[in-house]
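In: I would like to see how this sequence folds:
(one chain, ligands or ions: 4)
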Amino acid sequence: MALRDPHGRRINYLRLSVTDRCNLRCRYCMPAEGLVKVGHDDILSYEELLRIARAAVAIGVEKIRVTGGEPLVRRGIIDFLQRLEAIPGLQRLVLTTNGMLLREMAADLRSAGVESLNISLDSLRPQTFAEITRGGELRRALDGIAAAEAAGFEFIKINVVVMRGVNDDELEEFAALTLDRPYRVRFIEYMPTLAQPGWEATVMPGAEILDRLAKRFPMADEAPEKMAGPARYRRIAGAAGLVGVITPVSCHFCGECNRIRVTSRGIAKSCLFDRGTVDLRPILVSGDDIALGEALRRTVAEKPDRHQLAESNGGQGQIDMARIGG
Ligand SMILES: Nc1nc2c(ncn2[C@@H]2O[C@H](COP(=O)(O)OP(=O)(O)OP(=O)(O)O)[C@@H](O)[C@H]2O)c(=O)[nH]1
Ligand SMILES: C[S@@+](CC[C@H](N)C(=O)[O-])C[C@H]1O[C@@H](n2cnc3c(N)ncnc32)[C@H](O)[C@@H]1O
Ligand code: SF4
Ligand code: SF4
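Out: Ligands and ions are numbered 1, 2, ... in the order given. The predicted model follows:
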């Protein structure tokens, strides 16, 4: 029977963070010095992550998105993904990455059974890219995307966090990438996850982004994909790919929320912004996988109907994106 939360939403999607480490330090996600490192013993083993994934599938999860930190920096990730993909009942295994290691790993990800990739890319200009990521090399990210295509990943989703005054002058250039490539370029509203007074000035609302693009390109709405996340898409006339917006700040897409999250430290979260959490570690130690499923059901039962970002959390700095995985 389908898994539903108390608000009647069907929950079939788990975002599983496998590490909080990262090879970049994006300004909107991490402090300059990085996060206080969690010891290897505090991070769940692959065996434990697999038990959680199996328990989740047993209660109704059909799609798992592996995330981080940066998931590709964890050693042994390919073998783990292969085992994850083999879980009976799991329909879709997908992954979000910053692309830095795709040049070396894209082909193995494909063979491991990862169905599609979401790749973060916030600028097409080397200097802006380096500023946002605090030292990242644009060439590596672009080579990573090319390697993913060469490995057979077809509909690559490109995540662009739009920040007014930082990269909002590149919207049209990003949208133009979809003209002859089948990318899904998604413009994401910057979320105030780190303490930042005056964060509102940095957010460019999705509606404004679409208005800007409509001035330059003729576009039509596209139907959402199955088991999809929060992006809403349009297609520029004649384009191979799609442009989309993800609007966590200006527009509540919470009414269609379909997901729960588990961090690499074994904390199940009912909502990206909510502090209602269930610690899975004591249950993992007990070895009782039925209880693990029950704990995940409790997480679903605690899902709020929507986030309170605009009302309460904004600029307070309590959302640890790199640990939660977005
Ligand atoms: N507010 C909110 N933001 C989310 C949620 N899920 C993803 N996001 C944000 O959306 C952006 C893109 O996330 P991705 O990891 O690419 O995943 P997605 O777009 O949800 O995934 P698919 O639709 O499965 O491709 C990130 O900035 C996430 O933090 C959510 O449930 N709530
Ligand atoms: C936390 S990252 C983890 C996966 C991987 N390291 C990556 O960057 O794709 C997942 C997504 O969250 C997004 N994200 C992180 N902090 C954000 C913020 N403050 N506002 C909007 N999106 C954010 C990133 O751009 C990325 O697309
Ligand atoms: S957004 Fe992704 S790549 Fe950037 S610091 Fe956060 S985890 Fe790392
Ligand atoms: S903010 Fe929370 S309730 Fe809203 S879509 Fe995201 S996870 Fe779901």
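In: Could you tell me how far the most far-flung residue of the chain relative to its centre is located from ligand 4?
Out: Residue farthest from the centre of the chain, counting by C-alpha atoms, centre = their mean, is S286 at 30.3 Å. Using C-beta to the nearest ligand atom, to the nearest Å, S286 is found at 28 Å from ligand 4. (Glycine included, C-beta is placed from N, CA and C.)
In: Return the residues in contact with that residue.
Out: With contact set as C-beta atoms under 8 Å, 6 or more residues apart in numbering, S286 has no partners.
In: give me the residue from the chain nearest ligand 2.
Out: Across the chain, the shortest distance to ligand 2 (C-beta to the nearest ligand atom) belongs to G326, at 2.8 Å.
In: does A55 really touch L292, like I thought?
Out: Yes. Between A55 and L292 a contact is recorded at 4.0 Å, counting by C-beta atoms under 8 Å.
In: measure C22 to ligand 1 for me?
Out: C22 sits 14 Å away from ligand 1, going by C-beta to the nearest ligand atom.
In: same deal with E256?
Out: In terms of C-beta to the nearest ligand atom, E256 sits 10 Å off from ligand 1.
In: Start at 12, not 1
Out: Taking 12 as the first residue, the last one we looked at is E267.
In: Could I get the pLDDT score of the closest residue to ligand 3 within the stretch 62-211 of the chain?
Out: Distances between the stretch 62-211 of the chain and ligand 3 by C-beta to the nearest ligand atom are smallest at N109, namely 3.6 Å. For N109, the pLDDT comes out at 98.
In: Quick check: phi and psi on the residue of the stretch 62-211 of the chain found nearest ligand 4?
Out: Per C-beta to the nearest ligand atom, M202 is where the stretch 62-211 of the chain lies closest to ligand 4, at 9.5 Å. With angles defined as degrees, to the nearest 10, M202 sits at phi -100, psi 140.
In: How many residues are close by it?
Out: Neighbour count of M202, defined by other C-beta atoms under 10 Å: 24.
In: Identify the residues contacting the closest residue to it other than its chain neighbours.
Out: With sequence-adjacent residues excluded and distances taken as C-beta to C-beta, 6 or more residues apart in numbering, M202 is closest to P259, at 5.4 Å. By C-beta under 8 Å, 6+ apart, the contact set of P259 is I199, E200, M202, P241, L283, H318, L320.
In: again, but for T30
Out: Contacts of T30 by C-beta under 8 Å, 6+ apart are I54, G79, G80, E81, P82, V84, R85, S275.
In: Try it again at 7 Å.
Out: Contact partners of T30, counting by C-beta atoms under 7 Å, 6 or more residues apart in numbering, are I54, G79, G80, P82, V84, R85, S275.
In: ok, now how distant is it from F198?
Out: Distance, T30 to F198, by C-beta to C-beta, to the nearest Å: 27 Å.
In: need the strands for the stretch 162-311 of the chain, in chain order.
Out: 168-173, 195-200, 230-232, 243-247, 253-257, 270-273, 278-280, 288-290 (DSSP state E, counting those that start in this stretch).
In: can you tell which of the ones you listed is closest to T139?
Out: Closest approach to T139 among the strands of the stretch 162-311 of the chain is made by strand 168-173 (11.5 Å; C-beta to C-beta).
In: neighbouring contacts of that closest one?
Out: Strand 168-173 is contacted by residues 39, 129-133, 179, 185, 194-201, 215, 220 when judged by C-beta under 7 Å, 6+ apart.
In: and if we set it to 6 Å?
Out: Contacts of strand 168-173 with the rest of the structure, by C-beta atoms under 6 Å, 6 or more residues apart in numbering, involve 39, 129-133, 179, 185, 194-199, 201, 215.
In: ok, and the closest non-adjacent residue to L61?
Out: Distances taken as C-beta to C-beta, 6+ apart place R94 nearest to L61, at 5.8 Å, with adjacent residues excluded.
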